[in-house]
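**Q** return atomic coordinates for the entry below.
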Amino acid sequence: QFLISSSISPEDRREMMKQILITAFFLLGNVCLKTDGFGISASSSLVRSLSQARSSTTRIKAVVEVEEEAVSPDDYDLLPPTDDNDGEENSNDDADRRGKATDLKLKLYQLGASYDRGFGATPRAQDEADDIIQQLAALNPTKDAARGIDGDGGFGEEVPLKAIWRMVWTSAFDVVSLGASPFAAPSAIYQDISNPPIATNIIDFIPRAQTFFPSSISPPSLLRAEVATRATSRNGMTSRVGLNFEGLKLQPIELLGQKVDNLPPLSVDFMWPQNLIKQLADFVPGLDSLGLSDGGNANVDAPGYFDVEYVDDELLIIRQQVPGGVFALVKVDSCEP
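**A** I've put the predicted structure just below:
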């Protein structure tokens, strides 16, 4: 059993077998030749062979002991090797995604500047913008963009959409068609969500002639339209925002170079039918079920909503339900005219 141990090298195993065979041969020769003159010689050889066998055995045991001492479970790491490059690779992937998103955003800004925010876009430019927006949507770093839009205060400053956004590109027909008027031209367009759940769409209009002539010939005038909506989240859709239109306000800001923002605005309250129904609901059974909902989050597909395609600290891209189209807006500090 000692000879077949895997701890003994083949060379030592052969040497030990050789010594054992020599010893056995001389033992047999000693028995057969003890009456001859060779008896003493054989016995001396036997002694020498036994001594050599013992020396070899001692040396082999020493080798085994050294090997046993040299090999310890502590010398081996039984756990699978860890990849120290995992964190570095993830960091590189994030950097690549941010770099790609930056390049795509730059291309979108260039399209907006070249084609008047989409008002003068050609079919080719629209297709290019749609392709860029699709690529950005795949890189969206915010998967729950509607978080905190209800304004319950539970998320504090962690509301991704909470900001003032200025439009740099659109393909929405209801907005692009504003540029077809021969009398007024759309100027800056904002989405003010600085105080959720209130979301105000702001469109500044200037006279069409003001876009052709310098201010010395055509003194500046500005009319601001504000559409007030109430934003709500939709159950099951973390990037969908429902909208309930509450009112419209037309405020003259400047007229022929003179400030007129102190004039009273023209306001239309879209909520008066609903407010009236609420007041009469206690007296007329079933009146509160006429369908004038508040755009809440009970029905994810209820009319009046937009989906967030992309949002980060710089850019917001939304796709409206009806009549369709996308809006790309950049974050700004103010919407003052």
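**Q** touching stretch 313-323 from outside, list them.
**A** 105, 108, 133, 136-137, 161, 163, 165, 172-174, 191, 241, 303-311, 325-331 (C-beta atoms under 8 Å, 6 or more residues apart in numbering). C-beta here means a position set from N, CA and C on the backbone, and glycine is covered the same way.
**Q** mind saving the C-alpha coords of it as CSV?
**A** C-alpha atoms of stretch 313-323 as CSV (Å, rounded to 0.1, in the frame of the first residue of the first chain):
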residue,chain,number,x,y,z
ASP,A,313,-30.8,66.4,-16.1
GLU,A,314,-30.8,68.1,-19.5
LEU,A,315,-33.4,66.8,-21.9
LEU,A,316,-37.0,65.6,-21.8
ILE,A,317,-38.7,63.8,-24.7
ILE,A,318,-42.4,63.0,-24.5
ARG,A,319,-44.9,61.4,-26.9
GLN,A,320,-48.4,62.6,-26.6
GLN,A,321,-51.4,60.4,-27.1
VAL,A,322,-53.7,62.5,-29.3
PRO,A,323,-53.1,63.8,-31.9
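**Q** quick one: W165 and D333 touch, right?
**A** No. Contact between W165 and D333 fails when scored by C-beta atoms under 8 Å: they sit 11.3 Å apart.
**Q** those two: which is more packed in?
**A** A direct count of neighbours by other C-beta atoms under 10 Å for W165 and D333 places W165 higher, at 24 against 7.
**Q** so the more buried one sits in a strand?
**A** Yes. According to DSSP: H, G, I helix; E, B strand; the rest coil, the state of W165 is that of a strand.
**Q** contacting residues for the closest residue to it other than its chain neighbours?
**A** Spatially, and ignoring its direct neighbours in sequence, W165 is nearest to L329 (3.6 Å; C-beta to C-beta, 6 or more residues apart in numbering). Listed by C-beta under 8 Å, 6+ apart, the contact partners of L329 are 165-168, 190-191, 315-318.
**Q** and the lengthiest strand in the chain, which strands flank it?
**A** In the chain, assigned by DSSP state E, the strand with the most residues is strand 237-255. Applying DSSP bridges, strand 237-255 is found paired with strand 222-234 (antiparallel), strand 258-259 (antiparallel), strand 266-269 (antiparallel), strand 305-311 (antiparallel).
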